[in-house]
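>>> next comes the sequence, and after it the predicted model I'd like to discuss.
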Amino acid sequence: MNFDKISERRGTNSTKWDDLERYTGVSAPDGLAMWTADMDFFAPDFLQDAVRRQLEIANYGYFTGMDSYRDAVCWWMENRHGWKIEPEWMSQTAGLGNAIAIVLQSMTNPGDHVATFNPVYHEFEAKIRRAGRVPTQLPLVKVDGLFRMDFDAYDGLMTGREKILLISSPHNPAGRVWTRSELEDIANFCLKHDLILISDEIHHDLVFPGHVHVPAHVAVPQIEDRLIMMSAASKTFNIAGCRTGNVIIPDAKLRAVFNEYLERLDLRPNLFGIALTRSAYSPAGGAWVDELVRYIDGNQKIFNAGMQEIPGVSAMPMEGTYLAWIDFAGTGMDMSEIRQRVTKDARVGPTWGPTLGPGGETCLRINVGTQRSRVVEAVQRLQEAFADLQ
Ligand SMILES: Cc1ncc(COP(=O)(O)O)c(C=O)c1O
């Protein structure tokens, strides 16, 4: 697989590239899109073959075959993550944003609180608010440069109205891969405060050597009656446009609540999302992901080392994902000055840290899921944009 091959996505209705100016403020024609969690690589052959098979049939009508789809998901979870799931635990949604929204609607009431560890993927809070629920922000702390949880402080921040703890595992931004012992602490916190745990594991495959993603159900089976796992092939294989996610709920009662709401919405799986996920969750898919992870690991090392060279800038060590977390606090600059230099001088379009909540005030989230030459170019441009600090 040639991950180095430059893809031109401008003019293809790509959110990342064609909405670059709208979301990041970068208007230059040579702007580098490094914001939303979407990769620039060409799709591997096994995905192209799956699409081609459908093209050859030349028909896009109603479809069956969900048993083989579920088998493929079970195979992937067991082989890649050591997690044996039963096919009936699984339901399909139009992506994981959709899945989170359905859980909020079906398992909480307006005015209920939902806790998150901040900073975090901005859509967590947006979805909680849109649903008329209230976010309870539990700030992550930095210990030895890494995000950690501070449960002693969290007890004091809980209002008693929380019904759910919603986590990103691995964590977006910065790619912390929560350890088994951290997941046990999370489970104990859920028991103590009587919370359902939603473990959004969309980034579960993108974990660097030396770290292991532990599915929540493997780490804390003792809380399976309050556990909802979500995962998808969408980030790993960059097929988010096919809007397909899996919600995995071992507990029959909890699952019935979820599925009843899903039925009410009359949500049905999408032909291409199912076909592509089925072909991704295969030995060929596994081999491709192994290569991809090595490549992204190389990218993040180059990017973060380059950022560390700018005085006052620190890069959080990454354990997984392709979402680097760069803190400019030590430069003494405020976000408007950082924004000016990043968008106008470097022409790099990041996700702005403040949009990810408390803890993101002086930070940028930078997507390194792109060709190496673009990562190198971004490093050079950002170093030049802050060269006066040398
Ligand atoms: C943690 C997390 N959950 C969910 C999503 C969105 O998933 P979907 O596109 O399936 O709605 C993202 C996308 O960046 C994410 O990072």
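It's in.
>>> what pLDDT, on average, does the helix or strand where R294 lies get?
Following DSSP states H and E, the helix or strand that holds R294 is helix 283-308. In this model, helix 283-308 carries a mean pLDDT of 98.
>>> gap between T36 and the ligand?
7 Å (Cβ to the nearest ligand atom, to the nearest Å). Glycine gets a C-beta too; all of them are placed from N, C-alpha and C.
>>> report the buried residues of the helix holding R294.
Buried residues in helix 283-308, counted by 16 or more other Cβ atoms under 10 Å: 285, 288-289, 292-293, 295-297, 299-304, 306-307.
>>> again with stretch 138-151
L138, P139, L140, F147, M149.
>>> just these: which are in strands?
Among the buried residues of stretch 138-151, the ones falling in strands (DSSP state E) are L138, P139, F147.
>>> got the contact list for the closest residue in space to the last one that isn't next to it in sequence?
Counting by Cβ to Cβ, 6 or more residues apart in numbering, the nearest residue to F147 once its immediate chain neighbours are dropped is L140, at 4.2 Å. L140 makes contact with F117, N118, P119, F147, R148, M149, D150, H171, G359 under the criterion Cβ atoms under 8 Å, 6 or more residues apart in numbering.
>>> for W35, state which of these is nearest.
The shortest approach to W35 among the contacts of L140 belongs to P119, at 14.9 Å (Cβ to Cβ).
>>> now do the strands in the stretch 101-250 of the chain.
For the stretch 101-250 of the chain, the strands defined by DSSP state E, counting those that start in this stretch occupy 113-118, 134-139, 141-143, 146-148, 162-168, 196-200, 227-231, 245-248.
>>> now tabulate these in TSV and tack on mean pLDDT and distance to the ligand.
Listed next are the strands of the stretch 101-250 of the chain as TSV, based on pLDDT from 0 to 100; distance: least, Cβ to the nearest ligand atom, whole Å:
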stretch	mean pLDDT	distance to the ligand
strand 113-118	98	11
strand 134-139	98	15
strand 141-143	96	20
strand 146-148	98	14
strand 162-168	98	4
strand 196-200	98	5
strand 227-231	98	8
strand 245-248	98	5
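>>> L165 and V120 touch, don't they?
No: at 11.5 Å, L165 does not count as touching V120 under the criterion of Cβ atoms under 8 Å.
>>> the more surrounded of those two?
Between L165 and V120, V120 has the larger neighbour count (other Cβ atoms under 10 Å), namely 27 against 24.
>>> distance check, the more buried one against F328.
Distance, V120 to F328, by Cβ to Cβ, to the nearest Å: 19 Å.
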